[in-house]
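Chemist: model this:
(one chain, ligands or ions: 1)
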Amino acid sequence: MLTVNFILTRAYLRAEINSSVASMEAEARILVDQMTKSGYFQGNDDAVNNALLDQMAENWNGRIRIVDAGLRIIRDTYSRDEGMYLTADPVLAALRGGYVNHYDAASHTLYFTEPITSLDENASVIGVIVVNIDTTRIEAPIREQQRNAILLMVIFLVLITFASLILLHYTCKPLNTLALSINKASDGSYRKVNVPNYRETQRISDAFNRTLGRLQILDQSRQEFVSNVAHELKTPITSIRVLADSLMGMGEAPVELYQDFMKDISEEIDRESKIIDDLLSLSRLDNNAIPLNIARTNVNEKMELILKRLAPIAKVRNIELLFESFRPVMADIDDVKLTLAVTNLVENAIKYNKDDGWVKVSLNADYQFFYIKVSDSGVGIPEDALEHVFERFYRVDKARSRATGGTGLGLAISRGIVAMHHGEIKVYSKMGEGTTFVVRIPLHYIEED
Ligand code: ADP
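Modeler: Predicted coordinates:
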C-alpha cells in the first residue's frame with residue numbers, strides 16, 4: 001500500500017505540475033502578447049505591464065525574467081539581475097523557438113522558458129520569458145493527501161494487528177487444548193483426546209487416539225508377557241519343590257523311587273532351562289541383537305537334514321514324515337536361524353498330530369520367493385485361536401503343550417526369524433482335519449536401511 005501510495009503521489013504531482021505549467025504558459029502568453037503590443041520590447045517600459053508581471057510572479061510564488069534577443073535581462077520581478085545577461089541553455093533553446101520546462105521534485109522547483117515573438121508576419125523571436133517557481137504551494141494539497149493516506153494506513157495496520165492477534169488467539173485455542181490433552185494423555189493414563197473444533201484437530205485427535213490405543217495394547221501385552229514369564233518360570237520350580245518335599249518326607253524309601261523322583265526333577269530343570277533359552281532367543285530376535293548370518297544356501301539339502309533329524313520323534317508315534325521338493329532352491333538365508341524356524345513348525349506338526357498320522361513338508365519356488373509348506377493330519381487349531389498362535393506363551397491346549405515339552409514360544413520365534421528374512425508366515429487349519437503353515441521368503445536377501 002505504501003509503494004502504491006508513493007507511485008500514485010508521484011503521478012498526481014506530475015499531472016498537477018503539468019497542468020499548472022500549461023495554465024501558467026497560457027497566462028504568460030496573454031501578458032507577453034499584451035506587452036509586445038504595447039511596445040515593451042521597443043523600450044516602452046510601462047508601469048502597468050510591470051505591475052502585471054509582478055502580480056503574476058506573486059501569484060505563482062515565483063520569479064519572472066524577461067530576456068531580450070541579445071540575452072540581456074530587461075525585467076526581473078526580483079529586480080536583481082536587470083541589465084545582466086542570461087545565457088543558460090533553456091534561454092538559448094527558447095530563442096531558437098523552443099519551449100523548455102523542468103520540474104525538480106527534490107528541490108521543489110520548476111522552471112520554464114517561452115519564446116516571445118514579434119507581432120509582424122515574420123513572427124521572429126524578440127525575447128524570452130524565463131519563469132522560476134517554488135512548487136511547494138502546488139504540491140501542498142497532494143502532500144497533505146499523502147500524509148492523510150499514510151496516517152490512515154498506520155491506523156489500519158494497528159487495527160489489523162490487533163484483530164489478527166485476537167483471531168490468532170481464538171484460532172489457536174483448540175490447538176492449545178489439543179496440546180494440553182495430549183500432554184495429559186501421555187502421563188500414562190491413556191485418556192482419549194477429543195478436540196472436534198476443526199477438521200484438522202479432529203483428525204489429529206483421531207490419529208493420536210489410534211496411536212494411544214496401540215500403545216495401550218502394547219503396554220497390556222507387555223504386562224501380560226511379564227506375568228506369563230513369571231508364571232511359566234514358576235511352574236517347573238513349584239513342581240521341583242513338590243517333588244523335593246515329597247522326597248524329603250519319604251524317609252527310608254527304595255533307591256528306585258529316589259531315582260524316579262530325581263528323573264522328574266531333572267526333567268523339570270530341563271523344562272525351565274528350555275523356557276529360559278527360548279525367552280533369550282526371542283528377546284535377541286526382538287532387539288536384533290544377533291545379526292543375520294546370510295549365506296547362499298541349498299534349501300533342499302537343509303530341509304532334508306531337518307526332516308532326518310526329526311524322523312525319530314515322528315517314528316515313536318508312527319507318524320509318516322514326507323518331503324516333496326518341486327525344484328532345487330538356492331537362497332540367501334541364515335542357515336541356523338531358518339533351521340530353528342522350520343524345526344519348530346515340523347516339531348509342532350508331529351506334536352499336535354494323532355498317532356499313525358502324517359506330516360507333509362514341501363519346498364517350492366518362483367522367480368522371487370521360495371515357499372515351505374508344513375501340513376499335518378493333526379488336531380487342528382480352532383478358528384478363533386488362529387490369530388493368536390504366534391503370540392508368546394499362547395497355547396490352544398495348555399496341558400497337551402506342556403506334556404509335549406512345549407513352551408508356547410516356538411511359533412513366536414519362528415515368526416520372528418521369518419520376519420528377519422523379510423518373509424511371511426501364514427496358518428490355515430480345520431479342527432480335527434489338520435493344519436498347514438506356509439512360509440514365504442525372498443530368494444535374495446536385501447539389506448534394509
Ligand atoms: P508350544 O511350545 O506350545 O508348541 P508354539 O508357539 O509352538 O508353542 O505353538 C503355540 C500353540 O499353537 C501350541 O500350543 C498349539 O496349541 C498350537 N499349534 C501350533 N502348531 C500346531 C499344529 N501343527 N497343529 C495344531 N496346533 C498347533
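Chemist: by proximity to the ligand, which residue of the stretch 1-150 of the chain wins?
Modeler: Closest to the ligand within the stretch 1-150 of the chain is Met1: 74.0 Å, counting by Cβ to the nearest ligand atom. For every residue, glycine as well, the C-beta is placed using N, CA and C.
Chemist: strands along the chain, start to end?
Modeler: Secondary structure of the chain (DSSP state E): strands located at 62-68, 73-76, 100-104, 109-117, 125-134, 294-298, 320-325, 330-334, 358-365, 369-376, 424-430, 434-442.
Chemist: got CSV for those strands, with mean neighbour count, distance to Leu257 and mean pLDDT too?
Modeler: Shown next, in CSV, are the strands of the chain (neighbours: other Cβ atoms under 10 Å; distance: least, Cβ to Cβ, whole Å; pLDDT from 0 to 100):
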stretch, mean neighbour count, distance to Leu257, mean pLDDT
strand 62-68, 21, 138, 93
strand 73-76, 19, 147, 92
strand 100-104, 15, 127, 90
strand 109-117, 20, 131, 91
strand 125-134, 21, 132, 92
strand 294-298, 14, 50, 94
strand 320-325, 14, 38, 96
strand 330-334, 20, 47, 95
strand 358-365, 19, 38, 97
strand 369-376, 21, 38, 97
strand 424-430, 16, 43, 95
strand 434-442, 21, 40, 96
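Chemist: pLDDT value on the residue of the stretch 1-150 of the chain closest to the ligand, please?
Modeler: For Met1, the pLDDT comes out at 86.
Chemist: does it touch Val154 like I think?
Modeler: No - using Cβ atoms under 8 Å, Met1 is not in contact with Val154, being 10.5 Å away.
Chemist: could I have the CA atoms of stretch 6-15 written out in CSV?
Modeler: Extracted C-alpha coordinates of stretch 6-15, given in CSV (Å, rounded to 0.1, in the frame of the first residue of the first chain):
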residue,chain,number,x,y,z
PHE,A,6,4.2,6.8,-3.4
ILE,A,7,3.8,5.9,-7.0
LEU,A,8,0.3,7.5,-7.1
THR,A,9,1.5,10.6,-5.3
ARG,A,10,4.3,11.0,-7.8
ALA,A,11,1.9,10.6,-10.7
TYR,A,12,-0.5,13.1,-9.2
LEU,A,13,2.3,15.6,-8.7
ARG,A,14,3.5,15.2,-12.3
ALA,A,15,-0.1,15.7,-13.6
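Chemist: quick check: mean pLDDT across it?
Modeler: 91.
Chemist: buried set for it?
Modeler: By neighbour count with 16 or more other Cβ atoms under 10 Å, stretch 6-15 contains the buried residues Thr9, Tyr12, Leu13.
Chemist: what do you get for stretch 171-181?
Modeler: Buried, per 16+ other Cβ under 10 Å, within stretch 171-181: Pro174, Leu178, Ser181.
Chemist: with adjacent residues omitted, what lies nearest to the first one?
Modeler: The shortest distance from Pro174 to any residue that is not its chain neighbour, by Cβ to Cβ, 6 or more residues apart in numbering, is 3.7 Å, and that residue is Asn197.
Chemist: show the pLDDT at the one you found.
Modeler: 84.
Chemist: and if you look at Ala289?
Modeler: 68.
Chemist: domain map for the protein?
Modeler: 2-142, 199-285, 291-442 (automatic domain parsing).
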